[in-house]
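Asker: Curious how this folds, go ahead:
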Amino acid sequence: MTVTQPDVTVVIGAYEAMPYLVECLASVEAQTIDPGRIEVIAVDDGSTDGTGECLEEFADRVSMPVTVIRQANSGGPSGPRNVGLSKAAGRYVFFLDADDRLGPEALERMVDMADRNGTDVVLGRVEGINRKPPQSMWGKTLERTDVFSSNIKFTLSAQKLFRRELLERHGMRFDESLWTGEDALFTMEAYLRADGVSVIADHTCYYLVGRDDGKHVTKSGGYTLRFDSARALMNLIADMVPPGERRDSLMHRPFVVTLLPQFGPKYLKDSEKVRRHKFELAKPLMEQFWTEGVARRLKVDERLRLHLVAEEKPELLLPVVEFVKAKKQAAALLEKRGHHVYLAYPYFRDASVGIPDSVYLATPREARAFPGYREHTPSSVLRRAVRKARRVLKTPAAA
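Answerer: Below you'll find the model as predicted:
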């Protein structure tokens, strides 16, 4: 009897997942892909709420092959995912969280997309239920793109379709030493190593479910875990991408998504000891990875806060965070014939503080909100160059 390789292995890591697991498994059973083209490997990570029994009942009932592995609790999502990946036989692997669910036709559409384009990673549109997922990458379906040409760097969760051969060739596994952000590290590496990434933006492939009990790993744990996560992702990017614009474009993500929230409204509630510790943890990251190219990509309030962290000025940071928390609108100052818009957040042109004007320079996206702003365009740059050349030609040669 010939055993046909499944197209996709669905890896489900589950811990205390009831009752959400019931709908999760129902969404797998409802997939339109032929049951013979799919296998499920479910890892119960030491649950005590009936999760393991639910998985075994599912395995006994459905027509698709299901392997249930029950193990002692590993303490995080990386262990179960790695166990499942090590057992996977499919051409592709999809990591499904036990409290989430697949959209209709999700696996069939993602496998078809990868096969049609020869891409190594496929992102299917994500919608939230009691949670808000990232949105900026779903503007348009992309048959083939990469991490530098799209917004996919802002979705680094593990719920993607990965070509298993890519993962095996590079020995990729989830970092079990990280308690949060382990999926960001794995997914960013896959993006960087992939021969193309596809994005399905016109069909919901995944529902990210917010648990009523609030038991999400990303919502738990102390602030030091966030610094661990930021450090790991920044190191990965630095190891894989040479210095320059492309590296800066990727560093934008850990600075804004992981590091910056530590110096947001929650910073106002921190004790003086915690504030000092946050600055200590941030110092090596700012020294190694904070560049003008990264700063330029940030909004003014983000750039100003991280500038003060980089300059080790906690006493100046508090008023800025209070200003941001109050959602005050910074006054705008248009200069250079409307081509520059400065946003007057605290300490703007305060000579006693000496923060450079460049920190307060609005990004084009911010500046467009203000009447009178004149955006630099390739045509305007060309016109200035032509005018300058004409002036040079009209100037009499020096005697």
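
Asker: now do the same end-to-end measure for stretch 121-136.
Answerer: Start and end residues of stretch 121-136 are separated by 18 Å (C-alpha to C-alpha, to the nearest Å).

Asker: pLDDT of it, averaged?
Answerer: For stretch 121-136, mean pLDDT is 94.

Asker: now stretch 147-163
Answerer: If you average the pLDDT over stretch 147-163, you get 96.

Asker: For it, buried residues please.
Answerer: Within stretch 147-163, the residues that count as buried by 16 or more other C-beta atoms under 10 Å are 147, 150-153, 155-163. Just so you know, the C-beta spots here come from the backbone N, C-alpha and C atoms, and that holds for glycine as well.

Asker: Go through the residues you listed and name the one nearest residue 253.
Answerer: Among those, residue 153 lies closest to residue 253 (C-beta to C-beta), at 4.8 Å.

Asker: looking at this, the closest one is in a helix?
Answerer: Yes - using DSSP: H, G, I helix; E, B strand; the rest coil, the assignment for residue 153 is a helix.

Asker: Contacts only, for the residue lying closest to residue 257 once chain neighbours are set aside.
Answerer: Once flanking residues are discounted, residue 257 sits nearest to residue 154: 7.2 Å by C-beta to C-beta, 6 or more residues apart in numbering. By C-beta atoms under 8 Å, 6 or more residues apart in numbering, the contact set of residue 154 is 134, 136-137, 253, 257.

Asker: Keep only those of the buried residues of stretch 147-163 that are in strands.
Answerer: Taking DSSP state E as the definition of strands, those contribute 161-163.

Asker: Could you list the low-pLDDT ranges of the stretch 151-300 of the chain?
Answerer: 213-221 (pLDDT under 70).

Asker: Tell me where it has strands.
Answerer: Using DSSP state E, counting those that start in this stretch, the strands of the stretch 151-300 of the chain run over 161-163, 197-209.

Asker: Note down every partner strand of the first one and its orientation.
Answerer: Here strand 161-163 is paired, per DSSP bridges, with strand 92-97 (antiparallel), strand 121-129 (antiparallel).

Asker: Single out the most deeply packed of those strands.
Answerer: For those, the largest average neighbour count (mean count of other C-beta atoms under 10 Å) is found in strand 92-97, namely a mean of 25.

Asker: can you list contacts of that one?
Answerer: With contact meaning C-beta under 8 Å, 6+ apart, strand 92-97 is reached by 7-13, 24, 28, 77, 81, 84-85, 102, 107, 110-111, 114, 158-164, 167, 183.

Asker: just stretch 39-59 next, same as before
Answerer: By C-beta under 8 Å, 6+ apart, the surrounding residues in contact with stretch 39-59 are 6, 8-18, 21-22, 25, 28-29, 64-74, 79-81, 83-84, 87-90, 98.

Asker: Now the buried members of the residues you listed.
Answerer: Counted by 16+ other C-beta under 10 Å, the contacts of stretch 39-59 give 6, 8-17, 21, 25, 28, 64, 66-70, 74, 79-81, 83-84, 88, 90, 98 as buried.

Asker: Count the residues that sit near the nearest residue to residue 227 once chain neighbours are set aside.
Answerer: The shortest distance from residue 227 to any non-neighbouring residue, by C-beta to C-beta, 6+ apart, is to residue 281 (4.3 Å). Neighbourhood size, residue 281 [other C-beta atoms under 10 Å]: 18.
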